[in-house]
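Asks: Structure for the following, please:
(2 chains)
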Number of protein chains: 2
Amino acid sequence: MIEQAWAELAAAFGARFSRAEAVRRNHASSVTWLPAEPPDAVLEAGTTEEVQQVVRICARHRVPLIAFGTGTSVEGQVNAPEGGLCLSLRGMNRIIALNVEDLDATVEAGVTREQLNAALRDQGLFFPVDPGADASLGGMAATRASGTNAVRYGTMRDAVLAVRAVMADGEVVAAGTRARKAANGYDLVRLLVGSEGTLGIITELTLRLHGIPESILSGTCAFASVRGACDAVIEAIQSGLPLARVELLDARQIAACNAYSKLSLPEQPHLFLELHGSPAGTAEQAARLDVILHGHGGATPAWAANSDERNRLWRARHESYWAAVASRPGSRGVSTDVCVPISRMAECVEETRVDMDAHGIPGTIQGHVGDGNFHAIPLVDPGSPAEVAGMADFLDRLAARAHAAGGTCSGEHGIGQGRRKYMANEHGLAGLAMMRAIKTALDPLGILNPGKMLP
Amino acid sequence: MIEQAWAELAAAFGARFSRAEAVRRNHASSVTWLPAEPPDAVLEAGTTEEVQQVVRICARHRVPLIAFGTGTSVEGQVNAPEGGLCLSLRGMNRIIALNVEDLDATVEAGVTREQLNAALRDQGLFFPVDPGADASLGGMAATRASGTNAVRYGTMRDAVLAVRAVMADGEVVAAGTRARKAANGYDLVRLLVGSEGTLGIITELTLRLHGIPESILSGTCAFASVRGACDAVIEAIQSGLPLARVELLDARQIAACNAYSKLSLPEQPHLFLELHGSPAGTAEQAARLDVILHGHGGATPAWAANSDERNRLWRARHESYWAAVASRPGSRGVSTDVCVPISRMAECVEETRVDMDAHGIPGTIQGHVGDGNFHAIPLVDPGSPAEVAGMADFLDRLAARAHAAGGTCSGEHGIGQGRRKYMANEHGLAGLAMMRAIKTALDPLGILNPGKMLP
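Replies: Numbering: from 1, shown residues only, chains lettered A, B, ... in the order given. Modelled structure (predicted):
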């Protein structure tokens, strides 16, 4: 009986357990086009042991359990389609250990990436994975987040050295070590990273850090066409140029950013670029890059003269989703995130633009093109059933386009609710059966984040 | 009935199925200190479909099935402690696709790393993971191999983009895509990589490639102490120097290499180093490195003047295990491979040397110190029960030392047979239970490589 679970949780956690309407609504998915589905109750856990206690109560009473960090996932990962308990880990926000010599840090799951970076700055270190939002690191691990720096520093798959997770039976698994590599059994860390809270609840994690580069060079480069910009990126990647960031913004996205973030860039496709290294190293990279950019019709790059200008540029990039939405007042934006082999990227971006125009779907295209990962952002009037239906069809075509190009429907946002229907195409029936077998083995009662990821 | 399985396999595969004593003996572990345990029969598969057929016959008759590449694993991974069928994939040695633009290649599991690199050379590309032996890429994936380049290019965990694997029920799972990142469900690729043939049989894999660097600078640097060499490496890593290779060889290892590979290095601890980049880039790296090496008592590095000298150096490093063994005629060497956080490495190496000396165990120490991964190589008279027992105790102490330092008993060789007893300490009982649950879910009959990895 679920009421029995609520009674036990209320008795054990007092005011940290709540069934208040406002609290429940604050813990449903909000930054997504999917309808918000609030949980029946919310609990703030403070320790791994408390998470164990909660999991055991929920298991005993078969209560669905949804782990919650900052609620910034975009595919409905924190929705509660079957009701149940939202377990918030925001209060678990201690930095447990900072090992400067080993370039790693152990944090509780609720620590956010900006909180960690603030703590690292004095040490000359930084944590590179940057999905835009100031997400919790536990949530970023659970969704295998990435972002603008992934082309150089990798994603959460690469950044997580170890995790502590509470499994569906209430046991704590400590997976991974602080050693940089291991051939010591099944890769439990990588299995938990990206499992979207369906296999276990990550309560602590150890992350790889990097030294803040001595020299950081950021700039923009205008192109006559999206194809030219993509081809320049492909050549740069192939030639081994260690780009730290390389972001495409199409002409419509630039127009939106100019208006929203007060830039004054020509309304053409642009690359936003960043180079990391020693002063001599970034200068050499910039010189090599210059030749490549010109070779594909790029203008002379405008390098930021100082860190203020650099920060302004990346703030505009981080605000670009909101800039897109603001460019069509009253609309909702859907941030898609297909990822394809880079040789197929230019054609995939172009076809997606043609698709949007042919179907009268307004929107922008931007993305982490060094990884072959781009965001087409259709802007839809949520009050128009025709537009909403047209957008759903567009999403299906986009996923099919990515699959046909040898890629994936999601480079970084995850499966959540909306993409479950693509999983069979994505992995084949045998792959899906393998995932289901793992899920059933590790969560036989199906209490962990039901209705997510697996169709 | 196992005889029924043999009859079906013989009927289906003719001369590619063999129960001959010599063939069986050739497919047991040989490059390990563990006793060879030959299979009951050997079969050469030519295609994924044939592997499916074999798996289905073995499943029907409950015959243990051991995948075999080149037989160069060192922890008994290809032994047949419960008998059964050795399934050789050596004949599956086609390079299926080479995508130069995307820097990836798809190969059959039996392709070796040297075969792949020979095919890549004309394209200006290379595959960096280098465990020394010319191992099959399928076997390297199955054991999560790494080697001298891992500090810069990562291990098989990072190198494998996708795999095709035949599961215990005969179904083919195609896991992963050619896209560089994905947030699309459980990370089946990373689960299969390093699973040592206990979850599925990898028949094809897609690998990340890299451009051959324009400039490669290799050299040696002599130190007064192992501690000085380790501290220099730690500082170089911390300062963000992108070392491509950094190998420690202690004084005894240098003496062994001088004799075996005709070098004439001073008998002191050395680092063997390699830098990759543009000509200006490697020159700048070398200058920065020079300062760091000197700061920890290093001599002026001797940089190789040409590619012949460079190849000679790395050949000696690759022969160093054999050099160690040759330094004590009649001995067997056991190549250990603990991996610890780099801040603990110097102390761990020193304690290991003290341990060897205190227990009268001759041997050398070398390793991939940029990863905190080192090989202590005790040299044991296999005819002396006292030495063999002493060596076994030494291995237990070494694993405990790595665990105490926050590391792992195996950085790259895997668990196989000999390290199963360390798995509980390595992962805790909950972690081990999680691995067992996965194994049972995916191979309920336990036919895939029984007696390996899981205790």
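Asks: Go ahead and flag the most central residue of chain A.
Replies: A:Ala145 (3.4 Å; CA atoms, centre = their mean).
Asks: How about it, nearest residue that isn't a chain neighbour?
Replies: For A:Ala145, ignoring the flanking residues on the chain, the nearest one in space by CB to CB, 6 or more residues apart in numbering or on different chains is A:Pro131 at 4.4 Å. The C-beta positions use only the backbone N, C-alpha and C, and glycine is treated the same way.
Asks: what residues are up against that neighbour?
Replies: Applying CB atoms under 8 Å, 6 or more residues apart in numbering or on different chains to A:Pro131 gives the contacts A:72, A:113, A:140, A:145-147, A:412.
Asks: Try it again at 7 Å.
Replies: Counting by CB atoms under 7 Å, 6 or more residues apart in numbering or on different chains, A:Pro131 touches A:140, A:145-147, A:412.
Asks: what's the answer for A:Ala162, then?
Replies: A:175-178, A:189, A:205-206.
Asks: List phi and psi for it.
Replies: Dihedral angles of A:Ala162 (phi, psi; degrees, to the nearest 10) stand at phi -160, psi 150.
Asks: and it, what pLDDT?
Replies: With respect to pLDDT, A:Ala162 scores 98.
Asks: what's the nearest residue to it if we skip its chain neighbours?
Replies: Nearest to A:Ala162 is A:Gly176, by CB to CB, 6+ apart, at 3.2 Å.
Asks: my guess is that neighbour meets A:Val163, correct?
Replies: Yes - counting by CB atoms under 7 Å, A:Gly176 touches A:Val163, with 6.3 Å between them.
Asks: Now do the same contact list for A:Lys171.
Replies: For the record, residue A:171 is Glu, not Lys. So A:Glu171 contacts B:Ala430 (CB under 7 Å, 6+ apart).
Asks: sorry, back to before: which neighbours do A:Gly176 and A:Val163 share?
Replies: A:Val189.
Asks: between those two, who's got more neighbours?
Replies: The neighbour count for A:Gly176 versus A:Val163, taken as other CB atoms under 10 Å in any protein chain shown, is higher for A:Val163 (27 against 24).
Asks: In which helix or strand does the more buried one reside?
Replies: strand A:160-167 (DSSP states H and E).
Asks: just checking, next helix/strand downstream of that strand?
Replies: Next element after strand A:160-167 (DSSP H and E): strand A:172-176.
Asks: Give the other helices and strands that that next one contacts.
Replies: strand A:160-167, helix A:188-192, helix B:423-442 (3 or more CB pairs under 7 Å, 6 or more residues apart in numbering or on different chains; DSSP states H and E).
Asks: one more time with 10 Å, if that's ok
Replies: helix A:48-60, strand A:160-167, helix A:188-192, strand A:200-208, helix B:423-442 (3 or more CB pairs under 10 Å, 6 or more residues apart in numbering or on different chains; DSSP states H and E).
Asks: that older thread, I'd like the secondary structure assignment at the residue nearest to A:Ala145, please.
Replies: Following DSSP: H, G, I helix; E, B strand; the rest coil, A:Pro131 is assigned to coil.
Asks: re earlier: would you turn the contacts of A:Pro131 into CSV with distance to A:Gly277 and secondary structure?
Replies: Formatted as CSV, those follow (distance: CB to CB, whole Å; DSSP: H, G, I helix; E, B strand; the rest coil):
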residue, distance to A:Gly277, secondary structure
A:Met140, 26, helix
A:Ala145, 25, coil
A:Ser146, 21, coil
A:Gly147, 20, coil
A:Glu412, 25, coil
